[in-house]
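Asker: prediction below, plus the sequence it came from.
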Amino acid sequence: MADVVIKVENLSKKYTIRHHNRADDGLRHAIHNFATAPIRWLIEQRAGRNGQSDGNTRHDARSRAEGFYALKDVAFEVGRGEVVGIIGRNGAGKSTLLKILSRITEPTDGRARIRGRVASLLEVGTGFHPELTGRENIFLNGAVLGMTRQEIDRKFVHIVEFSGIGKFLDTPVKRYSSGMAVRLAFAVAAHLEPEILLVDEVLAVGDAEFQRKCLGKMKEVTRQGRTVLFVSHNMAAIRGLCPRTLLLERGRLIQDDRTERVVARYLDRNLVEGAIVSEQGIAERVQRSGESDQFFLRLKEVSLMDEDGVARTQFRSDERIRVGITYECLQPAADLRISVSLVDGDGGPILTTQNVDGGPNLRSYHLEPGVYRSSCVFPESLLGEKQFWVTVNLEIPRDERLVLEKALGFQVTFIGRDGMQYITHKETFLRPYLEWETVTLRTNPVSGEVAS
Amino acid sequence: MQAAAVAQAEIIIEPGRSEQNYWRDLWRYRELFLILAWRDVAVRYRQTVAGAAWAIVQPVSSMVVMTVIFGKVAGLPSEGGAPYAVMVFAAMLPWQFFANALSSTSQSIIGNSGLISKVYFPRMIVPMSSVVVSLIDFLVASSILAALMVWFQFLPSWRLLTLPFFVVVAILAAFGPGLIMTALVVRYRDFRFIIPFIVQLGLYVSPVAYSSAVIRGKLGEPWFLLYSLNPMVGVIDGFRWAILGGPSNLSWPGFLASLLLSAVLFVAGVFYFRKTERVFADVI
C-alpha cells in the first residue's frame, strides 16, 4: 500500500447515555445543575473539612452518566483505488465510523487522516425538498453532496437520463411516487466524482430492477479507480464490489481480510446469536413503510422453537421448526397478512409461506387492538444441510408494512429419514422427502441371448 | 482546478480539530450556502396564493394599527417632520427583519436535521441562509416604504445613502442572538417557546410604535443609555435617522451602546455556536 489515502489510528467514539427520564435531559436538568452547584460545592467543602469524603453526593451525579463506546480503538489503512467493505451487526459502529470520516461527528479519541476530496452517501435523497421540482432538487441535492454548480450543469443530462424521470422534471418532488424520488436521488448521487466515496447502505432502496442498476453503477465507480468505503448488510453486494472487508463488532475492528473470509466469519458469528429476537432488537432493524402516518402494528418478538417449545438455532432435518411471531395490533385492522420467508445468507429467497394461505386454523384476519402471536411450522424432511435465515413480513395492505429481514438464523443438520439409503447431496437448501416410484417400461433381453 | 488543489490538502480528523479550517471551509462551501438560501427563498411562498405579498401584509397592518393607536389615539409625537406612519414603518422594517431572522435562524438547524446528521458542512451556513430569507422579505417590504414616501410626499435627505450601513448593523444585531438561540434550541427545545415571547415583548420594549425621543424625554439621558442596551434601539434609531432626515435625533452614546452590545452578542453567538456545533449531529 504505497499510496495511503485513509489512515485511521485508534479511533474511538464515546456516547454518553443518561439514566433518567427525558424531561431531565433538557433545560431543567441544566438549570438544576447550575442552580445547585454552589450548594453541592458547599456540601463538598464541608465534607472535606470534616475529613469524611462524602462520596455519595458526588458520585450520584456522575454515575448517572454512563459511557458507551460506539467505536473503540479502530485502526486501518486504505490505499488509493481500494474498495473496502465494512460489515457488522447493527450497532457495531459501521455508521459511526463513516460519520466520523465524513466529519459529521467528531471522534472522542484517536485520529484519521484523509487525502483527497471526500463525498459521503449516508442516505440517498439527503436534502431533497418536497416543494421543489425534480430539476431544482438535482441542483440542491448535488450541492449538498458537494458538487459544484458547473459540475451539476455538466452532468445534468446524464442524471436525468439515469433517473428516468423525464417529463416529470418540472413537477414538485412531493407529487412523485416514492420509487421515482429514490431513483432521482440515486441518480444524483451516482454522478458524484469524488476521490474518496463513503457509502452507507444506500443500495437497499428501490425495486430489484433499480437495485441492479445501482449495483452496476457502483461497479463502474469502483472501476474508475476511486477509493470507496462501502457499508452494507447485503453480503452479495459486498462480495461483488469489495475485494477487502472490515468486520466490526461492538465498536471494535475484529477482522480485516479478504472479503470471502470476513463474510464467512461474520455469517458464522451471526448464526449463534440466539433463537429469539426481542422487541429492542427488532426496533433496531425493522423496516417500516406504508402510506398511512398512523402506526397499526408493533412487532414484539420473533422466535424459533422446536416442537417442545424450546428455543433453538440448531435443528435436525427430521424435526419440525416453529417460527413464532408476537405482535401488537394498535388499531383495528381489517386485513393482516403475515409472511415468513426462509432466505440464504445473502438474503436470497428460498421459500415463503403466508398466513392467508390457509391451513386448518384459517380464520378471519380482522384484528382488534391487542397482542397476538402467530406461528407457522416448517415440516420435517424439507430442508437440507444449510444455514437459513428467517425474514418476517407483516402487512396491512396500503396502511403499513413491517419487514424484519433475516430476523433469525438457524442451522439444519441433514440426517435423512427412515428408509433413506444414502445421505448424499445433502447440502442443498431444500432436500424434501418426496415420493419416488419406478415402473418398468420394458425389460431388454440379456445381451448374451441376443447374440445367439 | 479547485479539486486538484483540495486533493493535495490532507484532512486530519481529531477531537477538537474541526475548528482550524473553519473559516476557510465556510468560504469553500459558499455555493452550498447560496443554494440553501435560494431553496429557503424559493420554498417560502410556494403554494400560497398571495406569494411574496405576505412579506408586506404583516408590517403594513402592524403599521396601520400602531399609527392609529399611538399616533392618533395616544397622540404621541413623530420624529422630525415625518408623518407618523412613515416613522413607524421606518422602524417596522428593521424590527420585522430582526423578529423574522431570530425566529427562523433559531429553528433552522432542527429544521434541517436531515442534512446535519448526514452531510458535513460548516453548520453556520444554515442559520446564515435563514437570515438571507429574512433579508429578502425586508427588501420586499422596503418597497412599501418607498410607496409611503410618495404618498405622503416625503422627501428623504442624503442620509438615506447611509442606510446600507444600518442594514449591516441590523444583520449583526439579529445574527448574534440568532446563533445563540439556534445552538440552544438544538439541545434544549424549551427555547422554541421562549422566542415568540422575546419577539412579542421586544416589540414593546423597542421603539417601534413610538419614537425613542419620547423615552429619552421621560427617562433622562443616563436611563436612556441603559435602555439603549437593547440592540434594536440603536438599529431603529439609525434607520429613522437615515430615512426620516430632519433634525438629528440620533443619540450617539445610545447608538454606540447598542452597537457595542450587538457586537458583543455577535462574537458571543459565533463563539457559542462554534463550540456547540460539533455535537449537533449527536444531540439533534
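Answerer: That came in fine, so what should we check first?
Asker: what about the helices in chain A?
Answerer: Secondary structure of chain A by DSSP state H: the helices cover A:22-25, A:27-49, A:55-63, A:94-101, A:134-144, A:149-163, A:178-190, A:208-223, A:235-241, A:259-271, A:279-285, A:447-451.
Asker: mean pLDDT lowest where, among the ones you listed?
Answerer: Of all those, the minimum mean pLDDT falls on helix A:55-63 (a mean of 42).
Asker: ok, back up a step: so which of the helices of chain A gets nearest residue B:112?
Answerer: For residue B:112, the closest of those is helix A:134-144, at 9.9 Å, according to CB to CB. Bear in mind the C-beta positions are built from the backbone N, C-alpha and C, glycine included.
Asker: and that closest one, what does it pack onto?
Answerer: Using 3 or more CB pairs under 8 Å, 6 or more residues apart in numbering or on different chains; DSSP states H and E, the elements in contact with helix A:134-144 are helix A:149-163, helix A:178-190, helix B:30-44.
Asker: can you put the ones you listed in JSON lines and add mean neighbour count and distance to residue A:104?
Answerer: Below are the helices and strands packed on helix A:134-144 laid out as JSON lines (neighbours: other CB atoms under 10 Å in any protein chain shown; distance: least, CB to CB, whole Å):
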{"stretch": "helix A:149-163", "mean neighbour count": "16", "distance to residue A:104": "22"}
{"stretch": "helix A:178-190", "mean neighbour count": "22", "distance to residue A:104": "16"}
{"stretch": "helix B:30-44", "mean neighbour count": "19", "distance to residue A:104": "14"}
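Asker: can you list those in a markdown table and add distance to residue B:227?
Answerer: Below are these laid out as a markdown table (distance: least, CB to CB, whole Å):
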| stretch | distance to residue B:227 |
| --- | --- |
| helix A:149-163 | 47 |
| helix A:178-190 | 53 |
| helix B:30-44 | 34 |
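Asker: same question for stretch A:287-299: list its buried residues.
Answerer: For stretch A:287-299, a neighbour-count test (16 or more other CB atoms under 10 Å in any protein chain shown) marks A:290, A:296, A:297, A:298, A:299 as buried.
Asker: looking at the residues you listed, which one is closest to residue B:196?
Answerer: Checking the buried residues of stretch A:287-299 one by one against residue B:196 (CB to CB), the nearest turns out to be residue A:290, at 34.7 Å.
Asker: what is the closest residue in space to the closest one that isn't next to it in sequence paired to in the beta sheet?
Answerer: Leaving out its chain neighbours, the residue that sits closest to residue A:290 by CB to CB, 6 or more residues apart in numbering or on different chains is residue A:400, at 3.8 Å. Beta-bridge pairing for residue A:400 (DSSP bridges): residue A:396.
Asker: can you get me a residue count around residue A:400?
Answerer: Using other CB atoms under 10 Å in any protein chain shown, residue A:400 has 22 neighbouring residues.
Asker: indicate which one of the helices of chain A is closest to residue B:190.
Answerer: helix A:27-49 (4.3 Å).
Asker: wait, doesn't residue A:248 sit right on residue A:85?
Answerer: No - with contact defined as CB atoms under 8 Å, residue A:248 does not reach residue A:85; the gap is 11.0 Å.
Asker: need phi/psi at residue B:70.
Answerer: Torsion angles at residue B:70 (phi, psi; degrees, to the nearest 10) stand at phi -80, psi -40.
Asker: of all the helices of chain A, which one is nearest residue A:109?
Answerer: Across the helices of chain A, closest to residue A:109 is helix A:94-101 (CB to CB), at 10.8 Å.
Asker: indicate whether the closest one makes contact with chain B.
Answerer: Yes - using CB under 8 Å from any CB of the partner chain, helix A:94-101 reaches chain B at A:99, A:100, A:101.
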